[in-house]
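Asker: Give me the fold of what follows.
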Amino acid sequence: MRLFYSFAAGILLAAQVQAAPSAPQVAEAPLRAHLDFLADDLLEGRGTGQRGGDLTVRYLETQAAAIGLKPIRAGSYRQTVNMVGSITRPTTSIKFETGGKTLAPKLGSEIYVANANGTAETRFDAPVLFVGYGIDSPDDNWNDYEGSDVRGKVLIMMVNDPKPTAAEPDRFGGKSLTWYGRWVYKFEEAVRKGAAGVLLIHTTESASYPWSVASNGHGKEQFHLAGQGNAMQGWLHEDTARALFAAAGKNLDTLRAQAEVRGFKPVDLGVRVRVALDATHRPIEEFNVAGIVPGTDPKLKDEAVIYSAHWDHLGKSSTPNGPDRIWNGAVDNASGAAALLAMAEVAVRKPARRTQIFLWPAAEEHGLSGSATWVREPLWPLAKTVADLNLDSMNFVGKTRDIGVAGAERSSLYASAARVAKTMGLRLAPTTPDLGGAYFRADHFNFAKAGVPAFNVGSAVFSGDGAFEFEHDPAASTDKIKSFNTRYHQVTDRYDPSWDLSGMVQQAQFTLNLGYDVANAAAAPVWNKTDPLGRVKR
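Answerer: Next up, the predicted model:
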C-alpha cells in the first residue's frame, strides 16, 4: 500500500511540474477604461515634471494596489528618478567664426542647442571638429576619434552609422541601424571624450524624422538624468551645416564620403565657435512604478520576468499649439500603460513559477531615463532578471494574423515567441531591416544593454511597409495604422472611443502568454552567441 501511495504521489508531482500554469485571459473592458482615463485631458499629457505626471503615478500605484500587486519594496510601488529640467533661454547665442566671416544661426529654425549638465550660464570659445559619425566601437574596429584629443572642442557629427559596402555588407548591422547610430549614444560618447559640446547634422533620411521633431524642444523644457550630459548639445540643420562648411572652405558631401571609409580621422574645420548658452534649470523628482506577482517555485521565485510600458508622454505646453495644448499620447503610450494594468489584474490570480514584475518607467520620452535608473539602481537584481518584455504604442486598429517580435531574434526569446504564437494561431511577422533603429528607442533597450534578453513586443503601429496582416479589411486597416505616423508626437494622438481594441487585447495576451512561457520554463532565456549584447556580464 505504501508503495502505491509513493507511486501515486510521484505521478501527481510530475504532473504538477509539467502542467505549469498557463496565462489567464486579458479582458478588454478594463484595458479600455484605463486607456480612456490615462489619455484624458485630466492627466494633461502625463508630462514629466508636471502635475499630469504626478496624477499618473498616483493612479498607477493605487490601481496596482487595488489589483493586488505586491509593492516592489516594503510599502512602496515607487522608485525615485532624479532628473533636471532645462529650458534654453532666448538670450542664447551661437556664433561660428572662420576666415573673417561670422555665421549666427537662428535658434529653432537653423540650430537647436541645450545645456544638459545643469549650468545656468555656459560661456566658451572653442575650435570645431568634424568627427564623421562620432563612433568609437572596438567591436567593429572603428574609431572616428582616432589620433585626436577632442577635449574642450565642439564636435559636429552625422547621425546614423556607416553604410554597408560590397566588401562589408554586414558592417554596423547592414541596412539596420545600430546603437552607435542613435543620437543618445553620440551625446554620451562626446561626454566620455571630454568634448565642450556636440552638434548633430540633421537630415530627415538619417534621423528618420523631419527637422520639426528635432527642433520641437526649442523654448520648451527638456529633461535629463541629474549629473549627466554635455555643456552644449543639439542639432544643426543640414542647410546650416552646408553653409558653415562652405564658409570654412570645406565641402560637406566630400567629408561625408570620407567618413564612410575605415580609418577616417577628425577634421579640424578651421572654425571657432563662441557659445553663450543661457538656461534655466530645476530639479525634478519623478517615479517609476512597479509591483510584483511573487513566484510559486521555491527556487525559481528568486528570478523574475519584467513586463514594462512607460507611462509618460509630452505633457501640457505652456504656449498654445493651435486649439489644443495637451499632448495626450493615447497610443504613445497610454496604450501600453493601460495594457499592463489589464495584464496585471489577471496575472495576480494565477502566479507563475518565477516572479512577474509589472514596471511602468518614467521619462521614456526623455532619453529612456526611467528604465536607465532602474538598470543603474535595480530594485530586483539584474542577475536574477531573465527577460524584459516591453509594450509601447500598441495596435488600436484590430486583430492581426501575425505578431511583431523584432529584436527577439537576438536571443532564445524568438523560439519562445514562435511557440506561443503557434498556440494562439498567429504567425511571427517577418523580420525586416531596422532602418530607424527602433530596437534602441524603447525602454527594453536599457535592459538589453545590461545583459537582460529583451525586446519590444510589437504591433503594426510603426510598420510603415504594411508587413502586418489584419483579419478585417486588410487594406483599410493597414492605411489606418500607417496614419498614426502623422499623429506621432502630435497633439492629435488622442483616444477615440470607436477604436477596435481587439488587436490591442491580442497583443497584450500574446505578451502575457510569452511572459508565462518564460516564467514557467526550466531554463532562462539566453542571448545568441553571436550577439554583442550577450557578452554583457550582469
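Asker: any idea how far the closest residue to P105 other than its chain neighbours lies from L314?
Answerer: With Cβ to Cβ, 6 or more residues apart in numbering as the criterion, P105 has its nearest non-adjacent residue at 4.1 Å, and that residue is I111. Backbone N, C-alpha and C define where each C-beta goes, glycine included. Distance, I111 to L314, using Cβ to Cβ, to the nearest Å: 22 Å.
Asker: Tell me which residues touch the residue nearest to P105, please.
Answerer: Taking Cβ atoms under 8 Å, 6 or more residues apart in numbering, we find I111 in contact with 94, 105, 199, 234-237, 240.
Asker: Give me the subset of those lying in strands.
Answerer: Of the positions in the contacts of I111, 94, 199, 234-237 sit in strands, assigned by DSSP state E.
Asker: which one among the residues you listed gets closest to G425?
Answerer: Among the ones in strands among the contacts of I111, W235 lies closest to G425 (Cβ to Cβ), at 45.4 Å.
Asker: since we're on the closest one, how many residues are nearby?
Answerer: For W235, the neighbour count with other Cβ atoms under 10 Å is 26.
Asker: Could you pull up the contacting residues of it?
Answerer: With Cβ under 8 Å, 6+ apart, W235 has these contacts: 111-112, 199-202, 211, 214-215.
Asker: Of those, which is the nearest to A259?
Answerer: I201 (10.8 Å).
Asker: Which helix or strand contains the closest one?
Answerer: Assigned by DSSP states H and E, I201 belongs to strand 197-202.
Asker: which other helices and strands contact that strand?
Answerer: Contacts defined by 3 or more Cβ pairs under 8 Å, 6 or more residues apart in numbering; DSSP states H and E place strand 197-202 against strand 111-114, strand 154-158, helix 183-193, strand 233-237, helix 238-247.
Asker: thinking again about what came up before, just send the ones in strands among the contacts of I111 back as a markdown table, with distance to H472 and pLDDT too.
Answerer: What follows is those, written out as a markdown table (distance: Cβ to Cβ, whole Å; pLDDT from 0 to 100):
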| residue | distance to H472 | pLDDT |
| --- | --- | --- |
| I94 | 52 | 97 |
| L199 | 47 | 98 |
| G234 | 45 | 95 |
| W235 | 41 | 95 |
| L236 | 46 | 96 |
| H237 | 43 | 96 |
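Asker: Now tabulate those residues in a markdown table and tack on distance to F510.
Answerer: Converted to a markdown table, the ones in strands among the contacts of I111 look like this (distance: Cβ to Cβ, whole Å):
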| residue | distance to F510 |
| --- | --- |
| I94 | 48 |
| L199 | 42 |
| G234 | 39 |
| W235 | 37 |
| L236 | 42 |
| H237 | 42 |
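Asker: Any of the residues you listed buried? List them.
Answerer: 94, 199, 234-237 (16 or more other Cβ atoms under 10 Å).
Asker: L368 and T296: what is the separation?
Answerer: From L368 to T296 the distance is 32 Å (Cβ to Cβ).
Asker: just to revisit the earlier point, with respect to E364, which of the contacts of W235 is nearest?
Answerer: Using Cβ to Cβ, A214 comes nearest to E364 of these, at 17.9 Å.
Asker: Wait, that closest one touches T204, no?
Answerer: No - contact criterion Cβ atoms under 8 Å: A214 and T204 do not qualify, at 9.5 Å.
Asker: So for those two, which residue has more residues nearby?
Answerer: A214 (20 against 13).
Asker: Specify the local secondary structure of the more buried one.
Answerer: helix (DSSP: H, G, I helix; E, B strand; the rest coil).
Asker: Quick one: residues contacting it.
Answerer: By Cβ under 8 Å, 6+ apart, A214 lies in contact with 112, 202, 207, 235.
Asker: can you put those residues in a markdown table and add distance to R46?
Answerer: Putting the contacts of A214 into a markdown table (distance: Cβ to Cβ, whole Å) gives the following:
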| residue | distance to R46 |
| --- | --- |
| Y112 | 24 |
| H202 | 27 |
| A207 | 25 |
| W235 | 25 |
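Asker: S477: which of those is nearest?
Answerer: Among these, and counting by Cβ to Cβ, the member closest to S477 is A207, at 28.4 Å.
Asker: Look at the closest one and report its pLDDT.
Answerer: Per-residue pLDDT puts A207 at 78.
Asker: Excluding chain neighbours, what is closest to it?
Answerer: V159 (5.3 Å).
Asker: what's the farthest-apart pair in the contacts of A214?
Answerer: Y112 and A207 (12.2 Å).
Asker: Quick check on those two: which one has the bigger neighbour count.
Answerer: Using other Cβ under 10 Å as the criterion, Y112 and A207 rank with Y112 on top: 25 against 22.
Asker: S109: neighbour count?
Answerer: S109 has 13 nearby residues by other Cβ under 10 Å.
Asker: Next: S86.
Answerer: 25.
Asker: Just confirm it is within a helix.
Answerer: No - under three-state DSSP, S86 falls outside any helix and is assigned strand.
Asker: isn't it right next to A279, touching?
Answerer: Yes - S86 lies in contact with A279 (Cβ under 8 Å); the separation is 5.1 Å.
Asker: between the two, what contacts are shared?
Answerer: With Cβ under 8 Å, 6+ apart as the test, S86 and A279 both reach 114-115.
Asker: From A120, how far out is the residue nearest to P105?
Answerer: I111 sits 20 Å away from A120, going by Cβ to Cβ.
Asker: Need the three-state assignment for E345.
Answerer: From three-state DSSP, the assignment for E345 is helix.
Asker: The residue nearest to A207 and V457, how far apart?
Answerer: 27 Å.
Asker: what about the two, which has more around it?
Answerer: The residue with more neighbours, out of V159 and V457, is V457; 29 against 23, by other Cβ under 10 Å.
Asker: Quick check: nearest residue in space to the more buried one, chain neighbours excluded?
Answerer: Among residues not flanking V457 along the chain, T511 sits closest, at 4.6 Å (Cβ to Cβ, 6+ apart).
Asker: Setting the sequence-adjacent residues aside, check what's closest to L55.
Answerer: In space, L55 comes closest to L43 once its chain neighbours are excluded; the distance is 5.4 Å by Cβ to Cβ, 6+ apart.
Asker: Out of the helices and strands packed on strand 197-202, which is closest to E146?
Answerer: helix 183-193 (11.6 Å).
Asker: Report the buried residues of that closest one.
Answerer: For helix 183-193, the neighbour count (16+ other Cβ under 10 Å) marks 183, 185-191, 193 as buried.
Asker: Next: stretch 251-266.
Answerer: 252, 255, 259, 264, 266.
Asker: ok, now which ones touch A104?
Answerer: For A104, the contact set (Cβ under 8 Å, 6+ apart) comprises 93-96.
Asker: I156 versus that one, what's the distance?
Answerer: Taking Cβ to Cβ, one finds A104 at 16 Å from I156.
Asker: so who does K480 touch?
Answerer: V397.
Asker: Local confidence estimate at it?
Answerer: Confidence score, pLDDT, at K480: 91.
Asker: what's V386 in contact with, if anything?
Answerer: Going by Cβ under 8 Å, 6+ apart, V386 touches 303-305, 354, 452-453, 518, 524-525.
Asker: same thing but 7 Å
Answerer: Residues near V386 by Cβ atoms under 7 Å, 6 or more residues apart in numbering: 303-305, 354, 518, 524-525.
Asker: sorry, back to before: quick check, nearest of the buried ones among the ones in strands among the contacts of I111 to T178?
Answerer: Of all these, T178 sits closest to W235, with 20.2 Å by Cβ to Cβ.
Asker: Quick one: neighbours of K106, just the number.
Answerer: With other Cβ under 10 Å as criterion, K106 counts 11.
Asker: go on, Y180?
Answerer: Neighbours of Y180 using other Cβ under 10 Å come to 24.
Asker: Pass me the low-pLDDT residue ranges in the protein, would you?
Answerer: 1-21, 318-324, 459-467, 537 (pLDDT under 70).
Asker: report the longest strand in it, please.
Answerer: The strand that spans the most residues within the chain, counting by DSSP E, is strand 267-293.
Asker: Identify each buried residue in it, please.
Answerer: Buried residues in strand 267-293, counting neighbours by 16+ other Cβ under 10 Å, are found at 267, 269, 271, 273, 275, 277-279, 281, 284, 286-293.
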